[in-house]
Every structure is written in structure tokens, then in C-alpha cells.
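> I need the structure of the sequence given here:
(one chain, ligands or ions: 1)
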Amino acid sequence: MGRRRTSKPLRVLSLFTGAGGLDLGFELAGCVTVEAVDNDHESCKTLRHNRPEWNVFEGDIRDYKPSVDDIDVVIGGPPCQGFSSAGRGNPSDPRNFLWREYFRIVEDVKPRAIVIENVSGLKHKRNGDHLSGIIAALEEQGYDFAMGVLNAAEYGVPQARKRLFVIGLKTGIPTLPAPTTPNRPATVRDAIEDLQGNFDTALNHQPPIHAVHVSDRWSLLKPGETDPNYRRARLDFDKPSHTIRAGGGYGPNGNHLGGFHPPIHPVEPRQLTVREAARIQTFPDDWILKGSKTAQGRQIGNAVPVLLAEAVANHVVSLLNSKSR
Ligand SMILES: C[S@@+](CC[C@H](N)C(=O)[O-])C[C@H]1O[C@@H](n2cnc3c(N)ncnc32)[C@H](O)[C@@H]1O
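Model (predicted):
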């Protein structure tokens with residue numbers, strides 16, 4: 001359509017922005033987030049603190065009307081609580097229908113490309129109505145799309161994290177990015193070994209406090225082993241991490257706990273700190289997470305790993321810059 005020269009940074013409208021993992025990947029690919037939307041106060045504080053130049057709409061997406069134009073790419077991960085295979089997925093959970101808001105906004109701003117990230121559980125049979133709704137919306141709005149599950153460990157991220165991605169293009173047939181590090185996954189050691197014992201040196205890196213009987217149990221776990229009572233694994237320094245989640249650990253009676261319950265450190269009898277979890281999600285150390293420790297952990301667990309986001313973003317940029325478009 002020749003709206004802008006391809007040498008200018010692509011303009012991104014970011015929906016359900018959270019801690020900004022997807023946005024940071026687009027930024028590394030040379031794009032600029034011009035507006036971000038989230039209804040979580042702590043996430044908005046994080047975004048405003050780290051990128052005061054972004055226009056952050058704090059509120060329910062159902063009340064949001066874009067205040068920017070000339071958007072090249074709309075990105076976002078609609079909430080996935082109902083889809084998730086980690087919890088008791090409920091397809092009628094009202095949070096599942098927020099993807100309709102995503103397409104209301106896409107229809108309004110008419111970007112050249114769209115990116116959706118979600119849990120791979122969206123592909124489960126029980127979520128079929130949502131998936132077919134998303135596909136119908138893409139088709140109605142004239143987007144060709146590629147859809148598939150990407151494993152972050154194949155894109156330089158020290159974490160086995162599988163997530164569904166959709167890339168849609170107004171012009172041309174999209175593909176998904178090829179793995180950038182298919183042969184040697186990054187490890188937990190690469191990500192966090194230097195932080196060990198250095199609680200004073202990094203931000204969001206306060207030592208966790210556990211009851212003595214809990215740290216005693218965890219000191220006996222071998223790398224890769226899971227504590228059945230707490231359903232939490234001790235990480236192995238020489239492998240990618242288990243998936244970092246937004247919360248939802250388990251107590252000794254199998255009861256579901258709210259809060260930040262990341263995996264157990266490979267050699268210390270404690271859970272990871274927020275900064276260690278952020279490293280495993282490939283966030284830069286100068287990206288400060290705001291809010292309570294639980295809120296910080298939730299933001300990190302919900303995020304798209306920055307290096308995976310960068311691979312997706314580089315791919316979208318090259319698709320949009322290729323001659324045929
Ligand atoms: C999976 S997280 C997105 C993570 C983000 N893509 C990243 O890479 O950091 C989903 C986000 O949607 C936000 N959200 C949930 N319901 C919302 C609503 N009704 N309106 C606006 N934002 C909402 C949540 O606060 C959460 O931050």
C-alpha cells in the first residue's frame with residue numbers, strides 16, 4: 001500500500017501487554033511500540049517505568065479505542081486462563097472471549113500484520129470453538145496466516161516453553177520463524193549461575209524465605225527431580241529450565257496456592273528469585289518489574305520470552321519488507 005518507507009521503524013500496537021516481553025522482542029527487531037493496553041495496574045507500572053515514552057492505556061480492553069493510527073503490526077497474547085493445560089481449563093471462562101476484542105481493534109486499525117501468542121492448550125479439542133472463531137476472524141478480515149507451536153528452547157531461550165503463535169499478513173502467505181538455536185539449547189547455567197550468592201547486585205533479586213522443613217526437603221532433591229508435595233522441580237544447571245509460570249504452585253496437601261511459585265534453584269535449597277526467573281525468560285537485567293513480589297512473578301511467568309519474541313519479530317519484519325509486499 002506504500003503507506004510508509006520500510007526503512008522507518010514499524011509501528012506496533014500492543015494489546016494485553018503485561019510485562020512487555022513481546023514488545024521487547026519487537027523493539028530488538030527495530031520496531032516501536034506506540035500504544036500498549038493492559039488492565040493490570042502493576043504491569044502498567046512496569047511498562048511506564050521502563051518505557052515512559054510508550055502510551056499506556058490502563059483499563060479493560062473492552063473500553064479501549066485506539067488513539068494512534070498508521071499501525072503496521074498489532075501484537076498480543078489474549079489471556080489464557082481458560083485455555084491453559086496447566087490449570088483446569090474451562091472453555092466458557094469469560095476471559096477466553098477477549099480474543100474478540102483483539103479482532104475488534106484489528107478491524108479498526110487495519111495493520112499489515114498481526115501476531116497472536118497463546119498457550120498451546122488453545123489447540124485442544126475442547127477449545128475448538130475459540131480456535132475456529134479466531135480463524136474465522138482472520139479470514140473475514142482478509143489475513144492469510146501461519147499457526148503453530150514454537151518451543152522457546154529452539155530460539156536461544158534457556159527454557160522448554162511451548163506456545164502457540166499466529167502470524168497473519170494482509171498481503172502474502174506468512175510462515176513461522178525457523179529455530180535460531182536448534183542444536184544447542186541454552187542452559188540454566190548460562191542464564192543464572194553468575195547471580196548465585198549475589199543478592200545485592202541485581203534488581204528484583206531478593207532472597208526467598210522458606211520454612212526450614214521446606215528448604216530441608218529441597219536440599220535433598222537431585223537436579224531434575226520434582227518434590228511431589230509441592231509439585232515443583234529442582235532445575236538442572238546443564239539443561240533448559242522447566243516452564244516458568246505465572247503462579248499457581250501447590251501446597252503439601254495438593255492445594256492450589258496463589259502467588260509466585262517458580263522452580264527450585266539447581267544447587268540452593270530455595271526457589272528462584274524474580275530476577276532469576278526473568279533471566280530464564282531472557283529479559284534484560286535493566287528491565288525492572290514493579291509491584292509486589294507476587295505481581296512481579298506473575299508478570300514474568302505470563303511473558304513471552306524476549307529472545308523468542310525477537311525471532312518472531314525479525315521474521316515479521318522480513319516478511320513485511322520482502323519485495324512482494
Ligand atoms: C499472557 S499476558 C501477556 C504477556 C505479554 N504478551 C508479554 O509478553 O509480557 C496477558 C495480559 O492480559 C491482561 N489482561 C487480562 N484481561 C484483560 C482485559 N480485560 N483488558 C486488558 N488487559 C487484560 C493481563 O493483565 C495480562 O497482563
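
> what's the neighbour count on residue 274?
If you count neighbours by other CB atoms under 10 Å, residue 274 ends up with 25. Heads up, the C-betas are built off the backbone N, CA and C, glycines and all.

> Low-confidence ranges, this protein, go.
1-7, 80-95, 125-128, 248-258, 323-325 (pLDDT under 70).

> need the longest helix for it.
Ranked by residue count and defined by DSSP state H, the top helix of the chain is helix 306-321.

> That helix vs the ligand: in contact?
No: Helix 306-321 stays clear of the ligand (CB under 6 Å from any ligand atom), getting no nearer than 6.6 Å.

> Tell me which residues touch the closest residue in space to residue 281 that isn't next to it in sequence, please.
Using CB to CB, 6 or more residues apart in numbering and skipping residues adjacent in sequence, the residue nearest residue 281 is residue 305, 4.9 Å away. Counting by CB atoms under 8 Å, 6 or more residues apart in numbering, residue 305 makes contact with 21, 152, 155, 157, 159, 161, 281-282.

> The same query, at a cut-off of 6 Å, please.
152, 157, 281-282 (CB atoms under 6 Å, 6 or more residues apart in numbering).

> Can you show me the helices along the stretch 51-200 of the chain?
99-109, 128-140, 188-192 (DSSP state H, counting those that start in this stretch).

> and the shortest one, how far from the chain's centre?
What that stands for is helix 188-192. 19 Å (CA atoms, centre = their mean, to the nearest Å).

> The ligand is nearest to which of the helices of the stretch 51-200 of the chain?
Ranking those by their distance to the ligand (criterion: CB to the nearest ligand atom) puts helix 99-109 first, at 7.3 Å.

> Convert the C-alpha atoms of that closest one to CSV, please.
Taking C-alpha atoms only, helix 99-109 is exported to CSV below (Å, rounded to 0.1, in the frame of the first residue of the first chain):
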residue,chain,number,x,y,z
TRP,A,99,-9.7,-12.5,21.5
ARG,A,100,-12.8,-11.0,20.0
GLU,A,101,-11.7,-7.6,21.4
TYR,A,102,-8.3,-8.2,19.7
PHE,A,103,-10.1,-8.5,16.3
ARG,A,104,-12.4,-5.6,17.0
ILE,A,105,-9.2,-3.5,17.3
VAL,A,106,-7.5,-5.1,14.3
GLU,A,107,-10.6,-4.3,12.3
ASP,A,108,-10.3,-0.7,13.4
VAL,A,109,-6.6,-0.1,12.8
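
> quick one, it and helix 128-140 angle?
10 degrees (axes from the mean of the first three to the mean of the last three CA atoms, to 10 degrees).

> Among the contacts of residue 305, which one sits closest to the ligand?
residue 281 (8.6 Å).

> Could you list the residues in contact with the longest helix of the chain?
By CB under 6 Å, 6+ apart, helix 306-321 touches 6, 21-22, 24-26, 28-29, 112-113, 152, 155-157, 174, 177, 180, 282-283.

> which of those residues are close to the ligand?
21-22.

> hang on, the earlier thing: return the most buried member of the helices of the stretch 51-200 of the chain.
Each of the helices of the stretch 51-200 of the chain was scored by mean neighbour count; the highest is helix 188-192, a mean of 21, by mean count of other CB atoms under 10 Å.

> after that helix comes which helix or strand?
Using DSSP states H and E, the helix or strand that follows helix 188-192 in sequence is helix 212-219.

> That next one: which residues count as buried?
214-215, 217-218 (16 or more other CB atoms under 10 Å).

> Make JSON lines out of the residues you listed and add distance to residue 293.
Formatted as JSON lines, those follow (distance: CB to CB, whole Å):
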{"residue": "214", "distance to residue 293": "17"}
{"residue": "215", "distance to residue 293": "18"}
{"residue": "217", "distance to residue 293": "22"}
{"residue": "218", "distance to residue 293": "19"}
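
> Quick check on residue 47: phi, psi?
With angles defined as degrees, to the nearest 10, residue 47 shows backbone torsions of phi -60, psi -50.

> Cool, thanks, signing off.
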